[in-house]
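Participant: can you look at this prediction? I've put the sequence above it.
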Amino acid sequence: MAKKNGVKKSVKNDSNGKKEKRSPAPAKEPLLHPDAANSIWAISFICVAIVLVLANFALAGPAGVAIFNGLNTLLGWGYFILPATLLFTAIVLLFSGRKKILGITLLGAVLLILSFLGFIDILSPGNGGWLGLVLGSLKVPFGTIAALVIDIFILIISVIITANIPVKFKWPEKKEKEAPVMVTEAGGDVEKLEEEKTAPEKDKKGGTEEENNLLDAFADRLIDIFIQQIHSKKRSRDKPIKQEE
């Protein structure tokens with residue numbers, strides 16, 4: 001065993017007399033699969049949500065009555081937000097394909113409850129419970145409208161955190177068409193058909209060379225015909241003058 005900087009390191013001599021470090025022991029696998037743990041938490045949240053709903057209707061016994069009275073003081077009109085958030089969290093845990101999301105999901109659920117309660121307290125002061133004062137007090141420095149805007153954005157952020165789903169907006173991109181490829185059999189050379197298509201299109205405005213030559217010849221012919229007509233008209237005018245003389 002070698003000792004350096006107060007940390008012990010195990011070494012082993014090989015056949016050449018050199019010292020080799022032993023590989024660290026493999027990490028132990030968790031006894032419970034992460035997906036199984038998420039499933040257990042999800043089922044527990046569903047159970048608690050059902051008990052809370054039953055407690056609201058006095059169907060959960062004396063314990064349910066005590067739970068309802070305590071949560072009604074904390075949540076006010078937002079009592080049913082708690083079981084609804086628990087059900088939403090359970091769905092996320094059951095259907096999410098990612099591991100170790102329990103902590104961030106619970107954080108988003110807490111923000112979700114606080115944002116709802118703050119929304120209630122801003123619109124109806126005193127009915128959001130004690131927890132509604134956390135975000136409902138934003139109306140004191142910002143006013144009612146600005147506090148509602150801030151609370152709505154916190155609500156959107158809490159939903160994104162709880163669901164763990166990113167929001168992306170993509171501008172439509174123009175897809176460039178790739179030129180088709182042709183492989184010749186003899187030499188195996190790769191040629192692009194696009195080059196063959198662009199060959200007769202060297203001058204898009206004027207056309208190909210043959211078309212330009214035809215147009216030039218046609219223009220010259222028109223000019224010749226126009227000149228001949230001018231000369232013929234002059235001759236027709238000169239004849240009666242000579243006859244009079």
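Facilitator: Looks like it came in fine.
Participant: low pLDDT regions in this structure?
Facilitator: Within the chain, the stretches with pLDDT under 70 are 1-31, 97-100, 173-209, 212, 233-234, 236-245.
Participant: all helices for it, in order.
Facilitator: 34-56, 61-75, 81-95, 102-123, 129-136, 139-142, 144-163, 193-198, 209-244 (DSSP state H).
Participant: now these in JSON lines, with distance to Phe169 and mean neighbour count?
Facilitator: All C-beta spots, glycine's among them, are computed from the backbone N, C-alpha and C. Converted to JSON lines, those look like this (distance: least, C-beta to C-beta, whole Å; neighbours: other C-beta atoms under 10 Å):
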{"stretch": "helix 34-56", "distance to Phe169": "30", "mean neighbour count": "16"}
{"stretch": "helix 61-75", "distance to Phe169": "35", "mean neighbour count": "14"}
{"stretch": "helix 81-95", "distance to Phe169": "23", "mean neighbour count": "19"}
{"stretch": "helix 102-123", "distance to Phe169": "21", "mean neighbour count": "21"}
{"stretch": "helix 129-136", "distance to Phe169": "27", "mean neighbour count": "20"}
{"stretch": "helix 139-142", "distance to Phe169": "27", "mean neighbour count": "13"}
{"stretch": "helix 144-163", "distance to Phe169": "14", "mean neighbour count": "16"}
{"stretch": "helix 193-198", "distance to Phe169": "34", "mean neighbour count": "12"}
{"stretch": "helix 209-244", "distance to Phe169": "48", "mean neighbour count": "10"}
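Participant: for Trp171, which of the ones you listed is the nearest?
Facilitator: Ranking these by proximity to Trp171 (C-beta to C-beta) places helix 144-163 first, at 20.9 Å.
Participant: I'd like to know which elements the closest one is packed against.
Facilitator: Secondary-structure packing of helix 144-163 (3 or more C-beta pairs under 8 Å, 6 or more residues apart in numbering; DSSP states H and E): helix 81-95, helix 102-123, helix 129-136.
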